[in-house]
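1. Sharing a sequence plus its predicted fold:
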Amino acid sequence: MLTGLTGCAVGPNFISPPKPEAARFTAEKLPAIEGSKGSLHLVFGQDIPERWWQVFHNKALNDLVEASIKNNPTLPAAEAAIKVAYYNAEAQKGGFLPSAIFNSSDSSNYQGSNQFATSPGGPTNPYAIFLKQLTVSYTPDVWGGNRRAVESLEAQTDQQRYQLEAAYLTLTTNVITGAINEASLRGQIEAIQKVIVIERELLDLVRKQKTAGYAAETDVLTQETALAQALELLPPLAKQLAQQRDQLTALAGNYSGSEVPEKFVLKSIAVPKSLPVRLPSEFIRQRPDVRTAEANMHSASALIGVAVAARLPNITLSAAGGYSSYSLGQLLTPGSAFYTLTAGVTQPIFEGFTLLNKQKAAEAGLLQAEAQYRLAVITAFQNVADALQALQADSDAVKATVYAEDLALRNLEIVRAQLKIGYVNILTVLNAEQAYLQAVQNHVQAEGNRLADVAGLVMALGGDWKDQNLKNLPPVGPIVTASDKDKISKITDGPVNTSWIPSF
């Protein structure tokens with residue numbers, strides 16, 4: 001229907017870029033990703049579930065994510081941006097239809113005696129003029145300039161849709177990583193408190209040995225210093241935990257005084273046994289930033305047609321008709337009607353090369369958009385590769401830290417037993433305490449990092465999005481693809497440059 005109204009459309013027809021020819025995300029095949037609680041299997045070629053955060057099997061986490069989706073103002077703002085772009089495109093479609101303007105002009109006039117002249121039956125001085133007029137004008141979209149303008153605006157609407165997808169993915173990922181960070185901080189605090197209990201027991205033992213004459217005052221002070229150093233670690237972690245709670249509260253759409261009820265610990269957040277990973281040739285269709293870049297290319301492509309159409313002849317048809325009379329009572333009587341029919345053609349001849357340079361600017365804008373698209377695709381592959389390698393490295397780190405913690409605890413237990421019978425000095429105990437404290441912290445941080453890597457991988461893959469679940473969003477605008485070649489003519493002042501179509 002739209003093509004029939006507008007005829008042909010100058011400028012290149014947009015064709016979606018081809019899929020990248022890539023078989024893998026990393027240069028080398030990654031080994032099995034294993035951790036302290038079994039292997040995480042990456043299942044290539046499967047789609048990510050819509051509610052992907054449920055892979056952690058934590059009901060409190062699910063509730064917090066759902067509450068954030070419902071209450072965080074980021075998503076309503078993005079939805080409103082879609083409507084703004086959509087109605088701007090709809091407004092541009094008004095150019096396909098005639099415009100009608102009704103004009104009512106009534107005036108009372110007086111002229112001096114030297115100026116006033118009348119004929120028999122004419123007006124007296126002062127006199128009135130009553131005019132009722134309807135003007136209809138229409139500018140046929142002969143070259144498709146308006147169609148290309150609409151196409152560009154509809155592509156901008158698509159951009160806003162993908163921005164909504166990005167906002168949704170960012171919000172859900174931030175909630176997940178925020179909950180994991182909270183759990184990691186709680187784990188570190190719990191681990192330090194456990195070490196503090198051990199150090200207090202050792203301090204009591206050293207004091208008893210001093211009383212019995214088996215330890216010196218310096219031994220007591222050394223152990224007290226170790227205890228104080230462990231206590232110093234708690235306030236910064238408590239501050240980070242409080243600030244992390246504030247962030248989760250804000251993400252859930254609450255004011256800081258209404259803290260979210262959900263609280264998280266590492267033991268309650270499960271590492272998924274398997275995680276779907278889209279194939280390299282498919283996942284870019286799910287990345288909102290890549291799709292935004294493609295929509296930007298589409299918009300830039302259409303703007304070339306707008307610039308070309310501005311250089312071609314423009315036809316305007318108009319008709320005006322109405323009634324005019326010196327007396328309101330005679331306004332609709334025979335002889336008071338009038339009409340005017342006008343047809344005009346405007347052809348720009350010379351405007352200081354303005355229109356030519358605007359066309360060249362539009363063509364350069366398309367080249368820029370094409371380069372930005374290629375960059376978005378390259379960045380997307382980098383993000384997935386980084387996430388996969390981080391997941392591999394942090395899974396190895398979990399295994400290493402579990403092993404180190406077990407060794408450090410066994411060593412500390414042996415040293416504690418030896419201290420009781422006087423076989424070791426306080427410095428040996430201090431070294432064992434510090435080694436165990438560091439090993440416990442490293443283990444907790446590695447567990448948190450691995451869980452965060454899972455969320456990071458899902459975000460790098462583009463997550464999953466079903467915007468049909470949202471209400472009150474305008475429909476998706478039509479996309480011009482290669483199938484439109486036979487429907488829309490390419491009319492330009494020279495050969496069409498199709499070298500901008502990216503290849504990989």
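-> Great, that's in hand.

2. From A191, how far out is V265?
-> Here the distance between V265 and A191 works out to 12 Å (CB to CB, to the nearest Å). Quick note: C-beta positions are derived from backbone N, CA and C, even for glycine.

3. Same question for A238.
-> Counting by CB to CB, the separation of A238 from A191 is 14 Å.

4. Which residue of these two possesses the greater neighbour count?
-> A191 (21 against 12; other CB atoms under 10 Å).

5. helices or strands up against the helix or strand where L275 lies?
-> Assignment of secondary structure by DSSP states H and E places L275 within strand 274-277. Other helices and strands packing on strand 274-277, by 3 or more CB pairs under 8 Å, 6 or more residues apart in numbering; DSSP states H and E, are strand 38-44, helix 426-461.

6. Redo those as CSV? Include distance to T135 and mean pLDDT.
-> Rendered in CSV, the data for those read as follows (distance: least, CB to CB, whole Å; pLDDT from 0 to 100):
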stretch, distance to T135, mean pLDDT
strand 38-44, 65, 73
helix 426-461, 56, 91
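
7. mind checking which of those is nearest W143?
-> Ranking the helices and strands packed on strand 274-277 by proximity to W143 (CB to CB) places helix 426-461 first, at 42.6 Å.

8. and stretch 94-109, how far from the chain's centre?
-> Average the C-alpha atoms of stretch 94-109, do the same for its chain, and the two points are 44 Å apart (CA atoms, centre = their mean, to the nearest Å).

9. what does that stretch contact?
-> Residues lying outside stretch 94-109 but in contact with it, judged by CB atoms under 8 Å, 6 or more residues apart in numbering, are 2, 5-6, 126-139, 141, 146-147, 149-150, 322, 328.

10. now do 10 Å
-> Contacting residues not belonging to stretch 94-109 are listed as 1-2, 5-6, 116, 123, 125-141, 145-147, 149-150, 317-320, 322, 324, 326, 328, 331 [CB atoms under 10 Å, 6 or more residues apart in numbering].

11. CA-only coordinates of that stretch in CSV, if you can.
-> Included here for stretch 94-109 are C-alpha records, laid out as CSV according to Å, rounded to 0.1, in the frame of the first residue of the first chain:
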residue,chain,number,x,y,z
GLY,A,94,1.1,12.4,6.8
GLY,A,95,3.1,13.5,3.8
PHE,A,96,1.6,10.7,1.7
LEU,A,97,-1.9,12.3,2.0
PRO,A,98,-3.4,15.6,0.9
SER,A,99,-3.6,18.4,3.5
ALA,A,100,-6.8,20.5,3.9
ILE,A,101,-7.0,23.9,5.5
PHE,A,102,-10.2,25.8,6.2
ASN,A,103,-9.9,29.6,6.4
SER,A,104,-12.6,32.0,7.6
SER,A,105,-11.8,35.6,7.3
ASP,A,106,-14.2,38.4,8.1
SER,A,107,-13.2,42.0,8.0
SER,A,108,-14.7,45.5,8.4
ASN,A,109,-13.1,48.2,6.2
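
12. Where does pLDDT dip in the stretch 51-200 of the chain?
-> Screening the stretch 51-200 of the chain residue by residue with the criterion pLDDT under 70, one finds the ranges 112-124.

13. residue ranges of the strands in it, please?
-> All strands of the stretch 51-200 of the chain, identified by DSSP state E, counting those that start in this stretch, fall at 99-109, 127-138.

14. The shortest one: partners in the sheet, and parallel or antiparallel?
-> Paired strands of strand 99-109, with direction, are strand 127-138 (antiparallel) (DSSP bridges).

15. So what's the gap between the partner strand and the chain middle?
-> Between the mean C-alpha position of strand 127-138 and that of its chain there is a distance of 52 Å (CA atoms, centre = their mean).

16. Sort out which residues of it are buried, please.
-> 127, 130-133, 135, 138 (16 or more other CB atoms under 10 Å).

17. Find the centremost residue of this protein, please.
-> Nearest to the mean C-alpha position of the chain, by CA atoms, centre = their mean, lies A166 at 2.4 Å.

18. Could you find the closest non-adjacent residue to that residue?
-> What sits nearest to A166 in space, not counting adjacent residues and going by CB to CB, 6 or more residues apart in numbering, is P288, at 3.9 Å.

19. For that neighbour, give me the pLDDT.
-> As summarised for this prediction, P288 has a pLDDT of 93.

20. Isn't it up against L461?
-> No - under the criterion of CB atoms under 10 Å, P288 lies out of contact with L461, with a separation of 11.4 Å.

21. how far does the strand or helix carrying A362 sit from the chain's center?
-> In this structure, A362 sits in helix 354-420 according to DSSP H and E. The gap between the average C-alpha position of helix 354-420 and the chain average comes to 19 Å, counting by CA atoms, centre = their mean.

22. just to revisit the earlier point, which of P288 and L461 has more residues huddled nearby?
-> L461 (27 against 22).

23. Once you drop chain neighbours, what's closest to the more buried one?
-> For L461, the nearest residue in space outside its immediate sequence neighbours is F283; the separation is 5.3 Å by CB to CB, 6+ apart.

24. what's the distance between the one you found and A385?
-> Remark: distance between F283 and A385 (CB to CB) = 12 Å.

25. who touches both of these two?
-> Contacts common to F283 and A385, judged by CB under 10 Å, 6+ apart, are 25, 460.

26. Quick check on these two: which one has the bigger neighbour count.
-> F283 (23 against 17).

27. ok, the more buried one to T401 distance?
-> 31 Å.

28. again with F264
-> Between F264 and T401 the distance is 20 Å, computed by CB to CB.

29. now do A300
-> In this structure, A300 and T401 are 50 Å apart, going by CB to CB.

30. same thing with V220?
-> In this view, V220 and T401 are 32 Å apart by CB to CB.

31. Setting aside sequence neighbours, what's the nearest residue to A310?
-> Leaving aside its sequence neighbours, A310 sits nearest to L355 (CB to CB, 6+ apart; 5.4 Å).

32. no no, A307
-> Of all residues not flanking A307 in the chain, Q359 sits nearest, at 3.9 Å (CB to CB, 6+ apart).

33. unless I'm mixing things up, that neighbour is touching L303, no?
-> Yes - in this structure, Q359 is within contact of L303 by CB under 10 Å, at 9.5 Å.

34. Please enumerate the shared neighbours of the two.
-> Common neighbours of Q359 and L303 (CB under 10 Å, 6+ apart) are G11.
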